[in-house]
Structures are given as structure tokens and as C-alpha cells.
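Enquirer: Take a look and give me a structure for this.
(one chain, ligands or ions: 1)
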Amino acid sequence: MRKYIVAGNWKMNNTYDEGIKLCQAIIEKGPELEGNHKCIIAAPYIHLSSLSSLMDGTGYQVAAQNCHEEEKGAYTGEISASMLDSIGVEYVILGHSERREYQGENDAMLLKKVKQVLGNGMLPIFCFGEQLAEREAGSHFELVKSQIEGVLFQLSSVEMEQVILAYEPVWAIGTGKTASSAEAEEMHAYVRALLLEKFGTEIANNSTILYGGSCKPSNADELFACENVDGGLIGGASLKSDDFIALITALQNAKS
Ligand code: PGA
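Expert: Numbers count the residues shown, from 1 in each chain. Reported below is the predicted structural model:
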């Protein structure tokens with residue numbers, strides 16, 4: 001069954017205490033999650049163990065924002081997938097545009113990371129999306145297709161059915177400029193058609209495709225109403241408990 005997800009991506013924000021307070025506020029005031037609705041918080045590594053304990057039994061779940069592509073070894077400063085699994089992390093964001101840009105993450109690395117995450121019993125949230133220049137040049141479908149082919153099309157069906165997808169047009173991230181619901185729906189439908197062609201009906205229908213990029217309470221209703229938008233990956237608006245809770249509620253209303 002397709003899952004509907006609001007995932008917060010705190011990025012490099014919140015000291016330890018700030019993160020704990022924010023998480024407490026969300027689970028205390030946030031709605032109960034019913035059926036196939038999920039809420040995930042992707043926090044910096046320092047918060048993950050405590051957040052996993054705080055969220056235990058609440059239905060809310062914790063994600064990391066990255067992991068290393070190798071199993072273990074001499075990689076000073078890195079964190080492996082098995083380490084994340086050992087503290088109760090359930091999801092890992094991979095391929096966020098900020099990591100593609102600043103850390104040079106490419107398809108080959110991302111494929112290894114996806115395999116590490118799946119191999120350790122966690123679920124990847126795989127991000128992709130075009131830059132402004134690509135949209136303006138009309139090559140955004142081609143670009144997204146190549147990002148998906150380069151990583152997800154290398155997976156088996158058993159692996160692919162566990163992947164959560166997140167379309168994040170780079171020009172909309174942190175800019176206040178959201179894709180219109182028509183633009184989001186058009187790309188999400190395109191991605192689902194790619195999945196249909198490669199993996200068949202069941203995987204295409206059951207895959208969760210999130211939208212990310214300046215998603216906030218004021219535009220969430222319209223975005224979440226789209227047939228192929230199954231929730232959001234939320235940056236800025238995940239840092240305020242009221243806004244984040246409003247987004248969880250908006251998704252519940254849109255997909256009840
Ligand atoms: P934003 O970030 O909501 O602040 O645009 C989204 C993301 O980068 O995941």
C-alpha cells in the first residue's frame with residue numbers, strides 16, 4: 001500500500017537541546033498517525049539516538065540525512081548505515097541536492113549508499129530534481145530520468161519496493177519559490193510512469209513520491225491534493241513545530 005509521509009529535514013540546524021525540545025513539541029502536539037500515514041524527522045547525527053528513544057511507541061520515526069557508502073573502515077568522521085541502524089534509525093535521506101552539490105555525490109556513490117541502507121534494514125528516501133537552468137532549458141524530465149536510471153533502475157524489484165522517492169526541484173529549495181501544483185503533479189506522474197515501465201504496476205502504484213522545495217502550510221493543501229504527490233520533504237517549515245504539525249494535518253486531510 002502506498003504510504004503518505006511528511007518528512008522534516010532539519011539540515012544543519014538545532015543544537016542538541018533545541019532539537020530535543022522541537023521533537024518533544026511535535027510528538028506532544030502533533031496528531032495521531034493513522035493507517036498508512038507516517039511522519040519522519042531527519043535530524044543531525046547528534047540527535048538521532050535521543051530522538052529515536054523519544055519517538056519510541058509514538059508512531060513518529062527518525063531518519064538520518066546521509067550515511068557513508070562503505071560498510072566500515074578508515075573513513076575518519078563518517079557514519080555507516082549499520083551504526084544508524086544500531087540506534088533505531090529507520091530511514092536515511094540520500095542524494096539531497098545539497099550533498100550532490102557540496103559533497104560531489106554522484107550516481108555510483110548513491111547506488112552504494114542505497115544498498116547499504118537497504119542491507120541494514122532501513123529505508124532510503126532518495127532525492128532527485130533539476131536545477132533552474134535545466135528547467136528553463138526544458139531538459140528537466142531528461143535530467144530527472146537520468147538521476148533515476150543511474151541509481152534506482154540499478155535495483156532489483158525487491159529493493160525498489162522499499163525506496164521512498166522525493167522530487168525536489170533545486171530552484172525551489174529554501175528559496176520560497178515553490179513548484180506550482182501543476183508542475184509538481186506533472187513531474188510526479190512522469191516519475192510514476194518511469195517506474196511503471198521499469199518495475200511494473202504494483203511498484204509504480206505503491207511507491208511514495210514526496211515533493212520538496214518551500215513546501216509550507218500556505219501551499220500544502222494544493223500540493224498534497226495532487227494525485228501523485230504523496231507527501232512532502234520539508235526543510236525550513238520543519239524547524240517550527242506549529243508549521244510542521246500543520247503540514248502533517250494537511251496531508252491527513254488530503255489523503256484520508
Ligand atoms: P525547504 O527544503 O523546505 O527549506 O525548501 C526542502 C529540502 O531541502 O528538503
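Enquirer: elements contacting the host helix or strand of Q61?
Expert: In this assignment (DSSP states H and E), Q61 forms part of strand 60-64. Contact here means 3 or more CB pairs under 8 Å, 6 or more residues apart in numbering; DSSP states H and E; on that basis strand 60-64 packs against strand 37-42, helix 45-55, strand 91-94. Every C-beta, even on glycine, is put in place using the N, C-alpha and C of the backbone.
Enquirer: And the contacts of the last one?
Expert: It stands for strand 91-94. For strand 91-94, the external contacting residues (CB atoms under 8 Å, 6 or more residues apart in numbering) are 7, 9, 40, 42, 61-67, 81, 84, 110, 113-114, 117, 122-127, 164, 166, 233.
Enquirer: Around the ligand, which positions in the stretch 101-250 of the chain sit nearby?
Expert: 168, 173-174, 212-215, 233-237 (CB under 6 Å from any ligand atom).
Enquirer: 5 Å - rerun?
Expert: For the stretch 101-250 of the chain, the residues in contact with the ligand (CB under 5 Å from any ligand atom) are 173-174, 212-214, 233, 235-236.
Enquirer: How many residues are close by I93?
Expert: Using other CB atoms under 10 Å, I93 has 25 other residues around it.
Enquirer: Kindly apply the preceding question to I40 instead.
Expert: Neighbours of I40 under the rule other CB under 10 Å: 26.
Enquirer: That one contacts Y4, doesn't it?
Expert: No. Between I40 and Y4 there is no contact under CB atoms under 8 Å: 11.5 Å.
Enquirer: Which residue is the nearest non-sequential neighbour of the residue in the stretch 151-256 of the chain that the ligand sits nearest to?
Expert: Closest approach between the stretch 151-256 of the chain and the ligand, counting by CB to the nearest ligand atom: G235, at 2.2 Å. Nearest residue to G235, sequence neighbours excluded (CB to CB, 6 or more residues apart in numbering): N9, at 5.1 Å.
Enquirer: Who are the contact partners of that neighbour?
Expert: Taking CB under 8 Å, 6+ apart, one finds 42, 65, 93, 96, 212, 233-235, 238 in contact with N9.
Enquirer: Please identify which of those is nearest to D56.
Expert: Lowest distance from D56 to the contacts of N9 (CB to CB) belongs to A42, with 17.2 Å.
Enquirer: Can you say which of the helices and strands packed on strand 60-64 is nearest to D243?
Expert: strand 37-42 (13.3 Å).
Enquirer: From the chain's centroid, how far away is that closest one?
Expert: Centre-to-centre, strand 37-42 and its host chain are 9 Å apart (CA atoms, centre = their mean, to the nearest Å).
Enquirer: What lies in contact with that strand?
Expert: For strand 37-42, contacts defined as CB under 8 Å, 6+ apart pick out 3-10, 23, 26, 30, 33, 51, 55, 59-65, 90-91, 93, 125, 238, 248, 251-252, 255.
Enquirer: 6 Å instead, please
Expert: By CB atoms under 6 Å, 6 or more residues apart in numbering, the residues outside strand 37-42 that reach it are 3-9, 33, 60-63, 65, 91, 93, 248, 252.
Enquirer: now the angle between helix 45-55 and that strand, please.
Expert: On the basis of axes from the mean of the first three to the mean of the last three CA atoms, to 10 degrees, strand 37-42 is oriented at 150 degrees to helix 45-55.
Enquirer: Relative to strand 37-42, what are the paired strands and their orientations?
Expert: With DSSP bridges as the test, strand 37-42 is paired with strand 4-9 (parallel), strand 60-64 (parallel).
Enquirer: And those strands: which comes nearest V144?
Expert: V144 lies closest, by CB to CB, to one member of these: strand 4-9, at 19.2 Å.
Enquirer: okay, that closest one in PDB with CA atoms only?
Expert: The C-alpha coordinates for strand 4-9 follow below in PDB (Å, rounded to 0.1, in the frame of the first residue of the first chain):
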ATOM      1  CA  TYR A   4       1.700   9.100   2.800                       C
ATOM      2  CA  ILE A   5       4.600  10.800   4.500                       C
ATOM      3  CA  VAL A   6       5.600  14.200   6.000                       C
ATOM      4  CA  ALA A   7       9.300  14.100   6.500                       C
ATOM      5  CA  GLY A   8      11.200  17.000   8.100                       C
ATOM      6  CA  ASN A   9      14.700  17.700   7.100                       C
END
